[in-house]
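Novice: Whatever this is, show me its structure:
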Amino acid sequence: MGGRGGFFIRKPTAISSDGFAQTVQDMVSLGQVSIADVTEARIELMGVAIRLASVRGTEEDFDAIDADIRHHTELFRTGGGSRNTKSVIEFYRLIARATHNAVIVMMVDALSEIIRTLLARVDPQPRKDLMQVRRKVLALMRARDAEGAAKAMALHLRRVNDYLESEYEK
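Specialist: Prediction:
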């Protein structure tokens, strides 16, 4: 903000990735950014997040991820799970939080929200194997197998990309 004789920066009251997510969503909708580009960025960023979380994550971090998986497994079992709710992407946020890096959390939040919004537009029901993939990623992270967890995540995110691209071509 401009002031007499110079500039100063106000301390933000909250850090948000909503503006970035909305901009990229708009660009995808307008065909200026491809779904594949968003997926590639998400795969690379989640790989970094998983690698850091596998090293830095605490048992409390992993327990929070496990609780989220159990919560959503029950929601989907009873028919209450949907891509229309923001809680379905909490899994990715919890992995990012386990990195103990606020910037990675913001970036993961933004990319996860973009994909969640795109998926909600075409099909509100998650894949049947979603919780199995999440359990596998968590087990590998707990075992500190960052490469295995990153590979499992990348495979899952590529499948989501393929589904999205096939649905948007219709």
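
Novice: Check the residue nearest the centre of the chain and give its pLDDT.
Specialist: Residue closest to the average C-alpha location in the chain (Cα atoms, centre = their mean): Ser112, at 3.4 Å. With respect to pLDDT, Ser112 scores 91.

Novice: Looks like it contacts Arg42 (just checking).
Specialist: Yes - counting by Cβ atoms under 8 Å, Ser112 touches Arg42, with 7.4 Å between them. C-beta coordinates here come from the backbone N, C-alpha and C atoms, glycine included.

Novice: Now stretch 65-80: average pLDDT?
Specialist: 88.

Novice: All further residue positions should be reported with the first residue as 49.
Specialist: Let's use 49 as the start, then, which means that last one is stretch 113-128.

Novice: quick one: it to chain centroid distance?
Specialist: With Cα atoms, centre = their mean, to the nearest Å as the basis, stretch 113-128 stands 17 Å off its chain's centre.

Novice: Run through who's touching it.
Specialist: The contact list for stretch 113-128 (Cβ atoms under 8 Å, 6 or more residues apart in numbering) reads 129, 135-136, 138-139, 142-143, 146, 174, 178-179, 182-183, 186, 189.

Novice: Next, give phi and psi for Tyr216.
Specialist: For Tyr216, the backbone dihedrals (degrees, to the nearest 10) come out as phi -80, psi -20.

Novice: Give me the distance between it and Leu159.
Specialist: Distance of Tyr216 to Leu159, computed by Cβ to Cβ, to the nearest Å: 17 Å.
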